[in-house]
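> Show me the folded form of this:
(2 chains)
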Amino acid sequence: MTALQTLQNALGRLADDDGYTARLAVANALDAATPADLGLEPLRVALLRDITIEPLVPALRAELAAAGFAAHVWTGGFDTIGQDALSASSGLDAAAPDLIIILRWLEQTAPDLATRFVTLGPLAVTAVQDVSQRIEMELTAIRARTRARIVVNTFPLPDVTTLGILDAQLEAGQRRTIEDLNREILRVARSVPDVFVADLARLVGRIGSHAAIDERGWHTSRAPLGTPLILALAREYAKFVRALHGRVHKCLVLDGDDTLWGGVVGEDGLAGIRLDPSYPGSAYLAFQREVLNLRERGILLAIVSKNNEADVLEVLRDHPHMQIRESHLAGWRINWQDKATNLVELADELNIGVDSLVFVDDSEFERELVRERLPEVAVLHLGTEPSRYAGKLLEAGLFDSLALTADDRARVEMVAADRQRKAAERTATTLEGFLAGLEMEATVGPPGPTDLARIAQLTQKTNQFNLTTVRQTEGDIARLAADPDTEVHTLRLHDRFSELGLVGVAIVGSEGDTALVNTLLMSCRVLGRGVEDAFLAHIAGAAADRGARRLRGIYIPTPRNSQVATFYAERGFQAVAGGEATDGAAQTWELDLVAGQPAAPAWIKIRRMASE
Amino acid sequence: MRATQADLRQLMADVFGIDPNEIDDEASIDTIEAWDSHKHLSLVLALEERFGVSLTEQETVEILNVELIRAVLREHGVDLGV
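Numbering: from 1, shown residues only, chains lettered A, B, ... in the order given. Take a look at the predicted model:
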């Protein structure tokens, strides 16, 4: 077996084995193989800590590998967070991290608050201030030297306290004081750009302190993380990395029988399936409600089921207890063909990548088939107990993101409008007639202050129509928008059927009389309508207005953006010598703005917002 | 708990990132180069998970060779045979 096969096998095991040893095996396999051969994206992580976290490192690397990243982890010295943060020569800068994880433990950071709380009295407030000021100072110092994203943590609440039942009666009991400290940490994190909070207190609460915290390891080795907490924390950090690097999932694809309801509709019939307020139907009801909650936050829903379509549609339309209805679905494939083929077709219909699908099925055969044929699909096994389905779905965190924008919530409505659009397309006789019939209006201009989160999110999530795939945070965008040498352009679209929101972003720098398109992306929901041409016309016009004679575009190929490989060539740009296509390398294209500027399609009305 | 010597060897190989064949009956913290204090913590966690046992404080610091690991597992009702 080659090193690469060993790694593949070890990664394959993770899906069904949530144990520590399976993660050690992945970490070893990563050391032996060249992870780039598996298509894993390199990632540099720095881990600053005041406790022994070495047993966490292999679990973290394994979870990151499962999320698509080959992580190199640099670990700061034991209890040297302050030095690591404040000194440029500490090794942190040399590690050049993409992500900095700071893991603090209350017994080490503030022993008084943790173990001598009753002796503090009114000084507890001061102790809270001390910790939050120290954290703020460290974060500010790190932020001044690097743009790496930083993840800090909350402190777990003690499950036993000196004051016992009295603690909960007091305004300033120990648990409440530590909750105050956690709120302070959140405040500090929000005040420094690109700092995020991993809620360690929540993880410990879910596991239970008794299993999560290893008092024995704390005393023998200053290693307080119990195995369940190590596993949960590694998974939690991987969720941040996925969200920050655009590995987010957009669509939940559900099986029907024994997933959305108990039993087999084709055999048991509409009245025979289990779905009602009493057990076991109640568990399926709870699961469906949780699925609809995900839809509220912008996740597309779909059904892929081996059944007669009419049987499942009857359940969707007529079952009295069904929570998920036909109108909630972005699409479905209810037929007898294999599920891998169905998933590919569905992704195509919804205009999203296959890698943005999460597939849920109770059948091991179907899960294996999809894993085998479509390794890029996230396959989720909810276990064998319907009462745990809802919890498992949320715990997997496959839809986790770091911002929730109005556009997210509106997305599912837009997909419904998209079905109406497709119906209109079928009745229109020419493409131009159809596009004109959409009555599109694009609003172009600089971003407003409330747009920054959405712009950052688009740079993080857009994979297909994204010429350079440069991921930016909200802090990056704010900086770029304020930079006098850079123009950030946005495009908003609405049409006869719906408001599509902010769907286009371009970031244009300048170099003498050349305007440089460093970022150009469009949300996949508006492709194929000429909107990208309207946007390019605006970008070129704005560049010319600022005195540019040339517009230079860059295309950086990724496995997912081949649809824009010829974008510049098709629009009259010339390849710049030395910038030609070589495998995987950036290509540079130029358009002479003096000779003429690209025109916007006649069927899109354009409104220009002036800069403030 | 049914387990064999081979299970223990595989576990230690996973913890230390070495070949299972390198782990013989004489293997100890002195013979395995990768067996440092940090890897030792992973070893304790992996043993507890794999064999479903919960070691005492004292045991976690004592198990510094294969023979002692087997003896401690036996104390907890896990017999790896010969």
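
> For chain A, what's its nearest residue on chain B.
When scored by C-beta to the nearest C-beta, chain B has B:H38 as its residue closest to chain A, at 3.6 Å. Using the backbone N, CA and C atoms, a C-beta is placed for each residue, glycine as well.

> State the number of residues packed around that residue.
B:H38 has 17 neighbours, counted by other C-beta atoms under 10 Å in any protein chain shown.

> If we ignore the residues flanking it in sequence, what's nearest it?
A:E54 (3.6 Å; C-beta to C-beta, 6 or more residues apart in numbering or on different chains).

> now the helix or strand hosting the residue of chain B closest to chain A, how far from the centre of its chain.
Assigned by DSSP states H and E, B:H38 belongs to helix B:37-51. Relative to its parent chain, helix B:37-51 has a centroid offset of 7 Å by C-alpha atoms, centre = their mean, to the nearest Å.

> Also stretch A:596-606?
Mean C-alpha position of stretch A:596-606 versus that of the full chain (C-alpha atoms, centre = their mean) differs by 34 Å.

> That stretch: which residues count as buried?
A:Q597, A:P598, A:A600, A:P601, A:W603, A:I604, A:I606 (16 or more other C-beta atoms under 10 Å in any protein chain shown).

> can you tell me how far the most centrally placed residue in chain B sits from B:W35?
For chain B, the residue sitting closest to the mean C-alpha position, by C-alpha atoms, centre = their mean, is B:I69 at 5.0 Å. Counting by C-beta to C-beta, to the nearest Å, the gap from B:I69 to B:W35 is 11 Å.

> and if you look at A:G596?
A:G596 is 71 Å from B:W35, by C-beta to C-beta.

> what's the nearest residue to A:Q563 if we skip its chain neighbours?
Per C-beta to C-beta, 6+ apart, closest to A:Q563 is A:Q464, 5.7 Å.

> do A:Q288 as well
A:Q288's closest residue in space is A:Q323 (C-beta to C-beta, 6+ apart), at 3.9 Å.

> Pull out the buried residues from the helix or strand following the helix holding B:H38.
Counting by DSSP H and E, the next helix or strand C-terminal to helix B:37-51 is helix B:57-62. Judged by neighbour count (16+ other C-beta under 10 Å), helix B:57-62 contains these buried residues: B:E59, B:T60.

> Just confirm yes or no for helix B:57-62 near chain A.
Yes: counting by C-beta under 8 Å from any C-beta of the partner chain, chain A is contacted by helix B:57-62 at B:E57, B:T60, B:V61.

> What is that helix packed up against?
helix A:215-221, helix B:66-75 (3 or more C-beta pairs under 8 Å, 6 or more residues apart in numbering or on different chains; DSSP states H and E).

> on that earlier part again, going by distance to A:P111, which of the buried residues of stretch A:596-606 wins?
Closest approach between the buried residues of stretch A:596-606 and A:P111, by C-beta to C-beta: A:I606, at 62.7 Å.

> so which strand or helix has the closest one?
strand A:604-608.

> ok, that strand: who's next to it in the sheet?
Sheet neighbours of strand A:604-608, with direction, are listed as strand A:440-445 (parallel) (DSSP bridges).

> Distance from the chain centre to the strand it pairs with, please.
27 Å.

> got a list of contacts for that strand?
The contact list for strand A:440-445 (C-beta atoms under 8 Å, 6 or more residues apart in numbering or on different chains) reads A:489-495, A:529, A:531, A:534-535, A:538, A:603-611.

> I'd guessed the residue of chain B closest to chain A sits against A:P58; true?
No: applying C-beta atoms under 8 Å as the test, B:H38 and A:P58 come out as separate, 10.4 Å apart.

> how close does the closest residue to chain B within the stretch 501-612 of chain A get to A:R492?
For the stretch 501-612 of chain A and chain B, the shortest gap (C-beta to the nearest C-beta) falls at A:P559, measuring 30.0 Å. Remark: distance between A:P559 and A:R492 (C-beta to C-beta) = 29 Å.

> per-domain residue ranges of chain A.
Here the domain assignment for chain A is A:3-244, A:251-396, A:427-608, based on automatic domain parsing.

> Compile the ones you listed into JSON lines and extend it with columns for distance to A:D418.
Output for the domains of chain A, formatted as JSON lines (distance: least, C-beta to C-beta, whole Å):
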{"stretch": "domain A:3-244", "distance to A:D418": "25"}
{"stretch": "domain A:251-396", "distance to A:D418": "8"}
{"stretch": "domain A:427-608", "distance to A:D418": "7"}
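
> Any idea how far apart the tips of stretch A:462-474 sit?
15 Å (C-alpha to C-alpha, to the nearest Å).

> ugh, wrong one, I meant stretch B:72-79
Start and end residues of stretch B:72-79 are separated by 10 Å (C-alpha to C-alpha).

> Kindly report the residues of chain A close to chain B.
A:19-21, A:24-25, A:27-28, A:31, A:52, A:54-55, A:58, A:216-217, A:219-221, A:223, A:227, A:230.

> What subset of the residues you listed is buried?
Of these, these count as buried by 16+ other C-beta under 10 Å: A:19-21, A:24-25, A:27-28, A:52, A:54-55, A:58, A:216-217, A:220-221, A:223, A:227, A:230.

> contacting residues around the nearest residue to A:A428 once chain neighbours are set aside?
Once flanking residues are discounted, A:A428 sits nearest to A:F434: 3.4 Å by C-beta to C-beta, 6+ apart. A:F434 is in contact with A:A424, A:E425, A:A428, counting by C-beta under 8 Å, 6+ apart.

> give me every residue that touches the first one.
What it means is A:A424. A:F434, A:G437, A:L438.
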